[in-house]
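> Pasting the sequence and the predicted model now:
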Amino acid sequence: MPEGPSILHLKDELKSFKGRIVKRAGGYGPMPTAWIKGKKLINIESWGKHLLLIFTNGVVKVHLGLFGDVLINERKKVNRSFFLEFVKGEINGYVVTASKLKKTVEELYDWRTDILSRKFDRAWVKKLIKEKTGETIDDILMDQDIFSGVGNKIRNEALYRAAIHPQSVIGKIPAAKITKLINEVINYATIFYKQLSKTGVNDFFQVYQQEYAADGSEVTMKVLPKTKRKIFFSEHRQKLYV
DNA sequence: GTGAATGTTAACAG
DNA sequence: CCTGTTAACATTCA
């Protein structure tokens, strides 16, 4: 379920719980939940793939990992890893990890890198990328401190649209191409988010898990050695800078 | 039954 | 101690 756009969409869906008092909190996760009972959920925020539930006496960070799911006023058969029950309605997290922030939201999060935030700062992100001269662009795109909210789908789609080979080396990519890539990340994340809002699913791919890319060229798939994640790209369209 | 999938982090080896 | 690699986690779907 989760790349940044999914979390933003989830935040939208949870809006109606703002300002309401928690009757019961729990779940099989390790985080203690007694401190939440009887407290008001004053706000819901998100940063990248983090969902932040702000209470008067603390903040819960919810991460959906690879298989996480959050249901509203609905339950599955399996146990909930984290849940909030209100007088009317409930938020049920499955396979999510919840933890209480040890510092304030302001201390922990920089929204200049959040690809779905209005505060996203192209110049700032460009500067962070430049510092990674010798690394490859596929790794940098998944670095949550540079592109907060980018997951494997956005990575592959943005690189295709910017016509950059995933294994290009940062220092060798022309500055204008980096700019183009940043724009395509935002573009695709926006498409992803709008699709979710409209249809509840995102399945608009030009290269990710495709046999042929949108331009008709053949798609190559590689498994990255370190992360074991799959990258999909078109040799024909995407230029390798090394 | 098998394998793969939108992710992160703890544990381990060197 | 730092760096890089592997394992673990838990679920759904094809």
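Everything's here; your move.
> Tell me the spacing between the closest residue to A:Q210 other than its chain neighbours and A:A25.
Spatial nearest neighbour of A:Q210, chain neighbours left out: A:V219 (5.1 Å); criterion: C-beta to C-beta, 6 or more residues apart in numbering. The way it works is simple: take the backbone N, C-alpha and C, and place the C-beta from them, glycine included. Counting by C-beta to C-beta, to the nearest Å, the gap between A:V219 and A:A25 amounts to 45 Å.
> just A:T227 next, same as before
A:T227 is 34 Å from A:A25, by C-beta to C-beta.
> In terms of neighbours, single out the busier of the two.
Higher neighbour count among A:T227 and A:A25: A:A25, with 23 against 12, using other C-beta atoms under 10 Å.
> For my notes, confirm that one occurs in a helix.
No. Under DSSP: H, G, I helix; E, B strand; the rest coil, A:A25 falls outside any helix and is assigned strand.
> looking at it, it is touching A:M31, isn't it?
No. Look at A:A25 against A:M31 with C-beta atoms under 8 Å: they stay out of range, at 9.6 Å.
> where do the helices sit along chain A?
Secondary structure of chain A by DSSP state H: the helices cover A:4-14, A:105-108, A:122-130, A:137-141, A:152-162, A:175-199.
> buried residues in the second one?
Neighbour-count burial for helix A:105-108 flags A:V105 (criterion: 16 or more other C-beta atoms under 10 Å).
> In chain A, where is pLDDT below threshold?
Across chain A, the ranges flagged by pLDDT under 70 are A:1.
> Return the most buried member of the helices of chain A.
Neighbour counts (mean count of other C-beta atoms under 10 Å) averaged over each of the helices of chain A peak at helix A:152-162, with a mean of 24.
> near DNA strand C at all, it?
No. Using C-beta under 7 Å from any atom of the strand, helix A:152-162 never reaches DNA strand C; the gap is at least 13.6 Å.
> excluding its backbone neighbours, what's nearest A:E85?
A:R24 (4.2 Å).
> Give me the neighbour count for that neighbour.
A:R24: 13 neighbours (other C-beta under 10 Å).
> before we move on, back to that, any chance of CSV for the helices of chain A, columns distance to A:K239?
CSV is the format used below for those (distance: least, C-beta to C-beta, whole Å):
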stretch, distance to A:K239
helix A:4-14, 26
helix A:105-108, 37
helix A:122-130, 17
helix A:137-141, 11
helix A:152-162, 10
helix A:175-199, 8
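> between the ones you listed, which one is nearest to A:K76?
helix A:4-14 (16.0 Å; C-beta to C-beta).
> Just the angle for the closest one relative to helix A:152-162, thanks.
120 degrees (axes from the mean of the first three to the mean of the last three C-alpha atoms, to 10 degrees).
> what's in contact with helix A:4-14?
With C-beta atoms under 8 Å, 6 or more residues apart in numbering as the test, helix A:4-14 has contacts from A:44-46, A:48-51, A:64, A:70, A:72, A:91, A:114-116, A:148-151, A:154, A:189-190, A:192-193, A:196-197, A:202.
> how about a cut-off of 6 Å?
A:44, A:46, A:48-49, A:51, A:70, A:115-116, A:149, A:189, A:192-193, A:196 (C-beta atoms under 6 Å, 6 or more residues apart in numbering).
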